[in-house]
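Q: Okay, sequence plus prediction incoming.
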Amino acid sequence: MSGLGVSGLSAGYGATPIVRDVSLPELKAGEVTSLIGPNGAGKSTLLRALAGLLSARGSVLLGEQDLLGMPVGERSKLVTYMPQTLPQGVALSVLETVIGALRASPHSVATGVADDPRIALEILQRIGIEALAMQRLDQLSGGQRQLVSLAQALVRAPRVLLLDEPTSALDLRYQLRVMNLVREVARERGMIVLVVLHDLHTAARSSDRIVVLSRGEIAAAGAPRDAITPEMLAAVYHVRARVEARGGDDLLVMVDSEI
Amino acid sequence: MTGSEATSGSGVLGQYNRLVMRRLGIVVALGVMCLAAFLLDVVTGPSGLPAGRIFQGVFDPASLSPSEYAIIWQVRLPYAVMALLVGAALALAGAEMQTVLNNPLASPFTLGVSSAASFGASLAIVLNLSLPFIAGDWLISFNAFVFAFGSVLLLQALSRLRGSGMETLVLFGIALVFAFNALTALVQFVSSQEALQQLVFWTMGSLSRATWENVAILAVVLAIVTPFSMLSARSLTALRLGEDRARSFGVHVDRLRMLSLLRVSLLSATAVAFVGAIGFIGLVGPHISRLLVGEDHRFHLPASILSGALIMALASAASKALVPGVLMPVGIVTAMVGVPAFLVLIFRSGRAT
């Protein structure tokens, strides 16, 4: 399956671009890529630009298809963006929101396989939260809401999944669960996943690749052990740190002091 | 999938189907209650006509005496139908506003549409405006409509100019309420005794200007707008999950919001043009619906329409029954019912956050 090629991408709010002329190594089908970097580096801006939520210049190609020039409806069949949070006070049940995600617009994913409630329920079962199906969204805990949010994104079966800090509100167990799930589903479906993460340890252990963004530009990219290095941490995060490999891409980052 | 998983899955689907059926049932029940409230409204009144005689007169107008005919066909029925239509229009407008502006306190009344209409009407009354081929009464309604419609367009334009979020739009709306109320007060201050009386009556909101012609106009507007609202139901539901998310699901959020506010302005401007400023229906109707059927807009929109119509019909009946022999302006009654509901709402939402 074809990958996602991003080159020369600039995007921002108003006149000043926050992300400048960014080119990413090709994002491959079935792989999870983490976008890391300090606050204000432009991670969310880059993600939102790829999702078509911001006007952007440059080229974003999924195989032969140009995603930037594509109408909203067409793009929504290929790309799904998951924001950091779900709004509060929504009087809908979990299952309803997942069905709603599937049927949001006339351009929604063509199903035809089974009826919508069944597809929605299958996703909840896959994530292991079918017991929550009939609960109201605003009665759930933060972690549960995040899993529901993920279900809303996955049910659309996108080719490209963009996740904005999916683990930020979660405890350790849920962090692990969300990221393992994302990786599993990515491999299973050959989905291209780009995820903004703050926690370097989570990023290292759950991604095939890391892209480090600093002040709107790429500072490093590659396999976790190649991208997350003491030199990068000093240059980008301005901290003195040690990085210890513990087999595979499980890295331990120990921060000693500010520089 | 194991056997137990399969059963639990089909169990959930069964529950979901029952939920959908229950919501349909609630919508139908609301419809039946509307009909009952409408009948109650029609048989309530100071003239003391027995209910049997009224129903007979509805189906066989020829059997009525001229005065009975006038009471039933020129007062009771047009007022009662107008009450249903106004309630329906304002509640639908409120429901759409609350969703597209992402604010549970949005309604035609709280964001200045009603105030603008009052100001438009008061200008027409005081300046004694007249246009060729348009009778004076119509001109008041027409001017109210122009101002109400203009206020929503102004809201859109201002927020577009500012290019900022929905909170700003709500703030603009509140500013409009104060601005138009001040202007109306100014007009009242400088107007003659006679105009003042007419004006005060107008700002209270009353069904007494209902005629078959303006009932027909509002009915046509409602009949044209409602199907478009229902076609947007899925997109509106998706919008409740957040703007970015809805956009990524393929919803044209800007277009949805613009068309929705256009529908809101048509509905609320037409409604307030004929009955004056009627508060709280547009706010409370959608909230009652939300409590009953949730926010799947396929049910939420019709349930809002019916809740609004129901409250308005009950308020209309109450306005005739509260003080025997006196027909109170219905706007006073809806506000009296609305304020406690409003307070409950505020306390509830305060606890939730």
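A: That came through fine.

Q: Where does pLDDT dip in chain B?
A: Where chain B drops to pLDDT under 70, the residues are B:1-9, B:129-137, B:159, B:162-165, B:337-339, B:341-342, B:344-346, B:348-353.

Q: again, 50 this time
A: B:1-7, B:350-353 (pLDDT under 50).

Q: now do chain A
A: Using pLDDT under 50, the flagged stretches of chain A are A:112-114.

Q: Show me what the helix or strand where B:R160 lies is packed against.
A: Taking DSSP states H and E as the definition, B:R160 sits inside helix B:136-162. Packed against helix B:136-162 by the contact rule (3 or more CB pairs under 8 Å, 6 or more residues apart in numbering or on different chains; DSSP states H and E) you find helix B:113-127, helix B:166-190, helix B:253-275. For every residue, glycine as well, the C-beta is placed using N, CA and C.

Q: buried set for it?
A: Neighbour-count burial for helix B:136-162 flags B:139-152, B:154-156, B:158-159 (criterion: 16 or more other CB atoms under 10 Å in any protein chain shown).

Q: what inclination does that helix have with respect to helix B:166-190?
A: Orientation of helix B:136-162 against helix B:166-190 (axes from the mean of the first three to the mean of the last three CA atoms, to 10 degrees) gives an angle of 140 degrees.

Q: Flag every buried residue along stretch A:47-57.
A: For stretch A:47-57, burial by neighbour count (16+ other CB under 10 Å) applies to A:47-54, A:56.

Q: cool, stretch B:72-89 as well?
A: Within stretch B:72-89, the residues scored as buried using 16+ other CB under 10 Å are B:72, B:75-89.

Q: where along chain A do the strands fall?
A: Assigned by DSSP state E, the strands in chain A fall at A:4-13, A:16-27, A:32-36, A:56-62, A:65-66, A:79-82, A:160-164, A:192-196, A:209-214, A:217-222, A:239-245, A:251-258.

Q: The fifth one and chain B, are they touching?
A: Going back to what we said before, that points to strand A:65-66. No: Strand A:65-66 stays out of contact with chain B when judged by CB under 8 Å from any CB of the partner chain, the minimum separation being 15.7 Å.

Q: Show me how far that strand is from its chain's centre.
A: How far strand A:65-66 lies from its chain's middle: 20 Å, per CA atoms, centre = their mean, to the nearest Å.

Q: Check what contacts that strand and list those residues.
A: The contact list for strand A:65-66, computed with CB atoms under 8 Å, 6 or more residues apart in numbering or on different chains, reads A:59-60, A:78.

Q: TSV for those, including distance to A:I259 and neighbour count?
A: Converted to TSV, the contacts of strand A:65-66 look like this (distance: CB to CB, whole Å; neighbours: other CB atoms under 10 Å in any protein chain shown):
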residue	distance to A:I259	neighbour count
A:S59	36	15
A:V60	35	24
A:L78	42	18
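
Q: tell me which of those residues is nearest to A:G216?
A: Compare each of those with A:G216 using CB to CB and the shortest gap goes to A:V60, at 16.5 Å.

Q: Could you point out the bridge partners of the closest one in the sheet?
A: A:V6 (DSSP bridges).

Q: Which single residue in the stretch 1-150 of chain A comes nearest to chain B?
A: Relative to chain B, the nearest point of the stretch 1-150 of chain A is A:S76 (3.0 Å; CB to the nearest CB).

Q: what about the closest residue to that residue other than its chain neighbours, neighbour count?
A: Spatial nearest neighbour of A:S76, excluding adjacent residues (CB to CB, 6 or more residues apart in numbering or on different chains): B:G250 at 3.0 Å. B:G250 has 24 neighbours, counted by other CB atoms under 10 Å in any protein chain shown.

Q: check which helix or strand covers B:G250.
A: When the helices and strands are read off by DSSP H and E, none of them contains B:G250.

Q: Which among the strands of chain A is found nearest to B:L111?
A: strand A:4-13 (26.9 Å).

Q: Which elements pack onto that closest one?
A: By 3+ CB pairs under 8 Å, 6+ apart, strand A:4-13 packs against strand A:16-27, helix A:43-50, strand A:56-62.

Q: Please repeat the previous calculation with a cut-off of 6 Å.
A: If contacts are counted by 3 or more CB pairs under 6 Å, 6 or more residues apart in numbering or on different chains; DSSP states H and E, strand A:4-13 sits against strand A:16-27, strand A:56-62.

Q: Make a markdown table out of those strands and add distance to B:A116.
A: Putting the helices and strands packed on strand A:4-13 into a markdown table (distance: least, CB to CB, whole Å) gives the following:
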| stretch | distance to B:A116 |
| --- | --- |
| strand A:16-27 | 38 |
| strand A:56-62 | 39 |
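
Q: Minimum distance to A:T167: which of those strands has it?
A: strand A:16-27 (19.7 Å).

Q: Neighbouring strands - and their directions - for that closest one?
A: strand A:4-13 (antiparallel).

Q: in terms of contact, does A:G216 touch A:D21 like I think?
A: No: assessed by CB atoms under 6 Å, A:G216 is found out of contact with A:D21, at 8.6 Å.

Q: returning to what we had before: could you tell me how many residues sit around the residue of the stretch 1-150 of chain A closest to chain B?
A: Neighbours around A:S76, by other CB under 10 Å: 26.

Q: B:G52 too?
A: B:G52, neighbours per other CB under 10 Å, totals 9.

Q: coming back round to it: neighbour count for A:G216 and A:D21, which is higher?
A: A count of neighbours by other CB under 10 Å puts A:G216 above the other of A:G216 and A:D21, at 22 against 14.

Q: what's near enough to touch that one?
A: A:18-20, A:42 (CB atoms under 6 Å, 6 or more residues apart in numbering or on different chains).

Q: quick one: it and A:A41, what's the gap?
A: A:G216 sits at a distance of 7 Å from A:A41 (criterion: CB to CB, to the nearest Å).

Q: Same question for B:I26.
A: Counting by CB to CB - B:I26 and A:A41 are separated by 50 Å.

Q: These two: who's more crowded?
A: A:A41 (23 against 17).

Q: what comes up buried for stretch B:49-56?
A: B:49, B:54.

Q: Can you report how many residues lie near B:M33?
A: The number of residues packed near B:M33 is 16, by other CB under 10 Å.

Q: was I right about it contacting B:L310?
A: Yes: the criterion here is CB under 6 Å, and B:M33 meets it with B:L310 at 5.5 Å.

Q: bridging residues for the closest residue to A:A220 other than its chain neighbours?
A: Leaving aside its sequence neighbours, A:A220 sits nearest to A:V212 (CB to CB, 6+ apart; 4.2 Å). On the basis of DSSP bridges, A:V212 is bridged to A:I36, A:A220.

Q: got the contact list for A:V212?
A: Listed by CB under 6 Å, 6+ apart, the contact set of A:V212 reads A:36-37, A:219-220, A:227, A:232, A:236.

Q: Can you pull the residues of the stretch 201-350 of chain B lying near chain A?
A: Selection of the stretch 201-350 of chain B residues close to chain A by CB under 6 Å from any CB of the partner chain yields B:234-235, B:237-238, B:240, B:242, B:244-245, B:247-252, B:290, B:294-296.

Q: Return the distance of the residue nearest the centre of chain B relative to B:S151.
A: By CA atoms, centre = their mean, chain B has its centre lying nearest to B:L90, at 1.2 Å. Separation of B:L90 from B:S151 (CB to CB) stands at 15 Å.

Q: B:L111 falls within a strand, correct?
A: No: when DSSP: H, G, I helix; E, B strand; the rest coil is applied, B:L111 is found to be coil, with no strand at that position.
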